[in-house]
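K.L.:
Need a 3D model of the following:
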Amino acid sequence: MKMQSKVEQMMMNAWPALHTVDYDGWKVCFASGFTKRANAVYPLHDIAGDQNDWAGKIGAVERMYAMQGLPSIFKMTDEPRLSLLDQQLSVNGYEKEGATAVLTCSLGQVAEPAKQTVEMTMQPTARWLARYAEMSGSSKMDMAIMQQMLARIEKPACFVILYEGDQDVACGYAVLEDGYTGLYSIVTSPAYRNQGYGEQLVLNLLKWAKLSGASEAYLAVVQDNAPAVRLYSKVGFTDAYRYWYRLKSAATLS
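P.N.:
All right, here's what the predicted structure looks like:
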């Protein structure tokens with residue numbers, strides 16, 4: 001399996017939708033509208049011979065999302081085999097948004113964390129969920145959906161809170177699969193940002209991953225999030241590939 005397709009599949013496993021439909025080589029994901037990543041079509045399998053049937057397949061997907069009151073979204077990567085589908089979606093009125101870089105690094109080159117004042121659990125505790133909600137500004141409704149999604153993770157995972165004295169300052173989680181670890185929901189408390197706590201959280205997650213048998217790590221970061229890009233570059237992450245979304249709102253569906 002090509003690296004891009006492998007990582008895309010691992011992302012689906014680590015940030016699982018509440019419901020997924022297998023539709024003729026496409027994974028159609030639903031999670032009550034919480035995040036584009038969990039409410040998008042993943043055209044994972046070879047689509048070279050599908051061009052003549054794209055109109056029917058795209059229309060069927062649009063109807064699925066419309067029944068849920070959701071926009072129709074495709075998660076596209078820069079893999080060459082997807083270029084024609086991306087062009088067709090553009091012709092069909094799908095807007096491009098959410099340009100994101102997927103970064104990878106070898107764990108053999110990662111530094112040891114300087115701060116190891118962390119709480120690590122294999123499941124998201126009430127404390128972890130509360131801290132994530134506070135630090136990210138997530139609503140109660142979003143957190144209720146996120147909790148359901150996290151409960152569906154079937155691969156080994158580690159949920160980490162980094163604290164300083166009696167203050168929880170950063171949190172995030174990692175998921176292990178097939179020698180890789182993916183980092184997710186990395187967030188630092190607003191009062192403690194730009195002080196190195198995010199880097200220490202990441203290093204603690206990567207140390208857990210290395211001790212658990214992983215040799216490579218990956219994560220996704222929005223391309224225009226300059227502080228996050230600098231942080232991950234400092235840790236040792238480099239560009240692997242890019243993805244974006246093609247979105248068509250329910251109001252414009254034909």
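K.L.:
what about the closest residue to Thr77 other than its chain neighbours, how many residues close to it?
P.N.:
Leaving aside its sequence neighbours, Thr77 sits nearest to Tyr243 (C-beta to C-beta, 6 or more residues apart in numbering; 4.5 Å). Any C-beta I mention is one placed from the backbone N, CA and C, and that applies to glycine too. Using other C-beta atoms under 10 Å, Tyr243 has 21 neighbouring residues.
K.L.:
Show the contacting residues for Tyr243.
P.N.:
When contacts are counted by C-beta atoms under 8 Å, 6 or more residues apart in numbering, Tyr243 touches Glu8, Lys75, Met76, Thr77, Asp78, Thr100, Val102, Ala220.
K.L.:
which element is it on?
P.N.:
Applying DSSP states H and E as the criterion places Tyr243 in strand 238-248.
K.L.:
Neighbouring strands of that strand in the sheet, and parallel or not?
P.N.:
strand 72-77 (antiparallel), strand 95-106 (antiparallel) (DSSP bridges).
K.L.:
Return the most buried member of those strands.
P.N.:
Of the strands paired with strand 238-248, the one with the most neighbours on average (mean count of other C-beta atoms under 10 Å) is strand 72-77, at a mean of 24.
K.L.:
which residues sit in contact with the nearest residue to Tyr245 once chain neighbours are set aside?
P.N.:
With C-beta to C-beta, 6+ apart as the criterion, Tyr245 has its nearest non-adjacent residue at 4.5 Å, and that residue is Gly98. Residues near Gly98 by C-beta under 8 Å, 6+ apart: Lys36, Val222, Trp244, Tyr245.
K.L.:
Can you tell me the closest non-neighbouring residue to the third one?
P.N.:
The one in question is Trp244. In space, Trp244 is closest to Ala99, 4.8 Å off (C-beta to C-beta, 6+ apart).
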